[in-house]
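Chemist: Sharing a sequence plus its predicted fold:
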Amino acid sequence: MRVDATALANLVQSSRTLSSRETAITEQLSSGLRLSSLSDDPIGAGRSSTLASTLAQQDSFLVSASTVTSRTQVADTALAAVVTQLTSAVSLAVQGANDTQTTTNRQSIASQLSGIRDSILNLANSSYSGSYLFAGSSSTTQPFTLAADGTATYNGDSITSSIRTTAGSTITTSLAGGDIFAASTSSVFAALQSAIAQLQSGAATETSTVSAIRYSLDTVITQRSSLDSSLSRINAETTYVTTEQTNTKAEQSTLLASDPTALATELSAIKTEQTALYSTLGQLSSKSLFDYL
């Protein structure tokens with residue numbers, strides 16, 4: 001029988017193509033992945049790369065948000081305690097302003113205010129993981145020191161920290177101690193020290209001093225409210241990014257994952273086609289198929 005060389009070459013090429021596809025399908029079934037190289041699906045591979053970049057960005061935000069949230073919550077807890085202490089200080093200062101108080105009573109109130117001042121000093125010097133919370137960018141420097149005369153000095157700066165969202169906006173995540181405790185018009189320590197000095201001398205608390213303590217309390221409340229707002233934004237952004245990350249992973253999984261049922265059906269068809277092809281080749285040439293592969 002005369003063999004058409006062109007037809008035989010085409011059949012051999014078809015056999016190689018089927019074998020190559022069979023190998024690819026077997027690899028997809030084994031790995032569970034549809035894409036193993038860019039050539040498998042350039043557009044799909046490009047999209048997969050974009051999704052991988054998005055996932056990395058989402059992971060980075062969630063890790064940062066977790067750390068920042070813990071630190072900010074500790075700061076918020078400290079400020080909540082400061083609010084409680086200053087609320088008590090206002091009450092004590094008002095008591096000290098009462099004309100019916102004796103010198104001994106006023107000195108006792110002064111002692112209580114001294115305790116509150118020291119407690120607030122400790123709270124203002126709160127730290128988290130070895131980093132001072134209210135020192136601005138000088139996180140390794142104790143923010144406040146108290147002199148023997150009760151004068152407090154702020155050793156930090158006014159620089160605050162922030163976290164960038166996946167959308168590119170920023171959320172402030174810290175407060176500078178100078179803005180909370182040592183503002184020129186509402187210094188917590190200056191107001192308390194004035195009350196302490198007046199009461200220790202046996203004099204009544206001056207109205208302006210009581211007002212100064214109240215004003216410093218309002219300042220702390222306002223600053224804490226700002227921090228709470230940041231916490232709410234971080235929590236909301238974390239919830240949003242977590243949901244988006246789940247969706248991104250699902251899309252990437254769908255994009256990359258192979259379809260076992262469809263692949264099994266295609267593999268079965270290939271084997272049937274290969275059987276028919278081998279039969280045809282056997283009829284066209286007495287030579288073995290392997291002589292042409």
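Modeler: Perfect, thanks for sending it. Because the structure is predicted, anything quoted here is derived from the model rather than measured.
Chemist: quick one, phi/psi of the nearest residue to Asn98 once chain neighbours are set aside?
Modeler: Leaving aside its chain neighbours, Asn98 sits nearest to Ala204 (7.2 Å; criterion: Cβ to Cβ, 6 or more residues apart in numbering). No exception for glycine: its C-beta is placed from N, CA and C like everyone else's. Here is the backbone geometry of Ala204 (degrees, to the nearest 10): phi -80, psi 150.
Chemist: In this structure Ala204 contacts Gly96, no?
Modeler: Yes. Here Ala204 reaches Gly96: they are 6.3 Å apart, a contact under Cβ atoms under 8 Å.
Chemist: which residues of this protein fall in helices?
Modeler: With DSSP state H applied, the chain shows helices at 5-31, 42-97, 103-124, 177-181, 188-200, 207-256, 260-284, listed in chain order.
Chemist: among those, which is nearest Gly136?
Modeler: helix 177-181 (7.1 Å; Cβ to Cβ).
Chemist: Identify the residue nearest the geometric centre of the chain.
Modeler: Ala65 (1.5 Å; Cα atoms, centre = their mean).
Chemist: The closest residue in space to Ser138 that isn't next to it in sequence: what's it in contact with?
Modeler: Once flanking residues are discounted, Ser138 sits nearest to Gly156: 4.7 Å by Cβ to Cβ, 6+ apart. Counting by Cβ atoms under 8 Å, 6 or more residues apart in numbering, Gly156 touches 132, 134-138, 141, 143, 176-178.
Chemist: Same question for Phe134.
Modeler: Taking Cβ under 8 Å, 6+ apart as the test, what Phe134 contacts is 75, 78, 124-126, 143-144, 156, 174-177, 180-181.
Chemist: Show me the two of those residues that sit farthest apart.
Modeler: Once Cβ to Cβ is applied, those give Phe144 and Ser174 as the farthest pair, at 15.6 Å.
Chemist: Flag the shaky bits of the stretch 101-250 of the chain, pLDDT-wise.
Modeler: Across the stretch 101-250 of the chain, nothing is flagged by pLDDT under 70.
Chemist: Repeat the analysis, applying 90 as the threshold.
Modeler: 138-139, 148-151, 166-167, 182-186, 247-250 (pLDDT under 90).
Chemist: Tell me how many other residues crowd Asp118.
Modeler: Residues lying near Asp118 (other Cβ atoms under 10 Å) number 13.
Chemist: Could you point out the bridge partners of the nearest residue to it once chain neighbours are set aside in the sheet?
Modeler: Nearest residue to Asp118, sequence neighbours excluded (Cβ to Cβ, 6+ apart): Leu146, at 7.7 Å. Note on Leu146: beta-bridge partners Ala152, judged by DSSP bridges.
Chemist: ok so, going back, and of the contacts of Phe134, the nearest to Ile221?
Modeler: Ile180 (10.3 Å).
Chemist: That closest one contacts Ser225, correct?
Modeler: No. At 11.7 Å, Ile180 does not count as touching Ser225 under the criterion of Cβ under 8 Å.
Chemist: pretty sure Ala135 contacts Ser126?
Modeler: No. Ala135 is beyond contact range of Ser126, at 10.1 Å (criterion: Cβ under 8 Å).
Chemist: Counting neighbours, go ahead and name the busier of these two.
Modeler: Ranked by neighbour count (other Cβ under 10 Å), Ala135 and Ser126 place Ala135 first, with 25 against 18.
Chemist: so what's the backbone phi/psi at that one?
Modeler: phi -110, psi 10.
Chemist: ok now do it, which residues does it touch?
Modeler: Ala135 touches 141-143, 155-157, 176-177, counting by Cβ under 8 Å, 6+ apart.
Chemist: Please identify which pair of the residues you listed lies farthest apart.
Modeler: Maximum distance among the contacts of Ala135 (Cβ to Cβ): 14.2 Å, for Gln142 and Ala176.
Chemist: Please identify which of the two sits among more neighbours.
Modeler: Legend: neighbour count by other Cβ under 10 Å for Gln142 and Ala176, higher for Ala176 (22 against 14).
Chemist: how far away is the more buried one from Tyr215?
Modeler: Counting by Cβ to Cβ, to the nearest Å, the gap from Ala176 to Tyr215 is 18 Å.
Chemist: Equivalent analysis for Phe134, please.
Modeler: Relative to Tyr215, and taking Cβ to Cβ, Phe134 is found at 19 Å.
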